[in-house]
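A.B. asks: Pasting the sequence and the predicted coordinates here, then a few questions.
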Amino acid sequence: MFIGLGVINFVACALTGVGLIYVIDSYYSVAPEAVLLVNGLKSIFAFGFSYAIVPWITLSGYAKAFGAMGGIVLAIELCAIPFLIWGKEIRHWTSNNLRVVSW
């Protein structure tokens, strides 16, 4: 279980870099705003992890908390399947239709 928690922490750190690269590559015109958003979400995630998960593990034990975290991570990872299949079309559609900032 400790190995699993270590993997979750490592992936959470690596995911920030991967997310930044993806957003900058896909939406170059709004890259500064996107970097701010990704780093802000990372900080919120880190705060939530230390604020809620550590007491949860202490209260319910490693096995129950790790099982629930595994289910949550699986659900989040399953959300990536549409991007693997239709990623190019989604990026093309959002770049033309969702103009957040026009310089």
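C.D. replies: Great, that's in hand.

A.B. asks: Give me the below-cutoff pLDDT ranges for the protein.
C.D. replies: Along the chain, segments meeting pLDDT under 70 span 1, 5, 98-103.

A.B. asks: ok, and what's touching the lengthiest helix in it?
C.D. replies: In the chain, taking DSSP state H as the definition, the longest helix is helix 2-26. Contacts to helix 2-26, defined as C-beta atoms under 8 Å, 6 or more residues apart in numbering, come from residues 31, 34-35, 38-39, 42, 45-46, 49, 62, 66, 69-70, 73, 91, 95. For glycine as for every other residue, the C-beta is placed from the backbone atoms N, C-alpha and C.

A.B. asks: Just the buried ones from the residues you listed?
C.D. replies: Among the contacts of helix 2-26, those buried by neighbour count (16 or more other C-beta atoms under 10 Å) are 34, 38, 42, 66, 69.

A.B. asks: In strands, which of those appear?
C.D. replies: If you go by DSSP state E, these have nothing in strands.

A.B. asks: Check the residues you listed and tell me the two furthest apart.
C.D. replies: Distance extremes for those: the farthest pair is 34 and 66 at 32.2 Å, using C-beta to C-beta.

A.B. asks: residue ranges for the helices of this structure, please.
C.D. replies: Per DSSP H, the chain carries helices over the ranges 2-26, 31-48, 54-60, 62-78, 81-97.

A.B. asks: Now do the fourth one: distance to the chain's middle.
C.D. replies: It refers to helix 62-78. Chain-centre distance of helix 62-78: 14 Å, with C-alpha atoms, centre = their mean, to the nearest Å.

A.B. asks: for that helix, packing partners?
C.D. replies: Applying 3 or more C-beta pairs under 8 Å, 6 or more residues apart in numbering; DSSP states H and E, one finds that helix 62-78 contacts helix 2-26.

A.B. asks: Give the buried residues for the helix it packs on.
C.D. replies: Neighbour counts over helix 2-26 (16+ other C-beta under 10 Å) mark 8, 16, 19-20, 23, 26 as buried.

A.B. asks: Report the angle between it and helix 31-48.
C.D. replies: Here helix 2-26 points in a direction 160 degrees away from that of helix 31-48 (axes from the mean of the first three to the mean of the last three C-alpha atoms, to 10 degrees).
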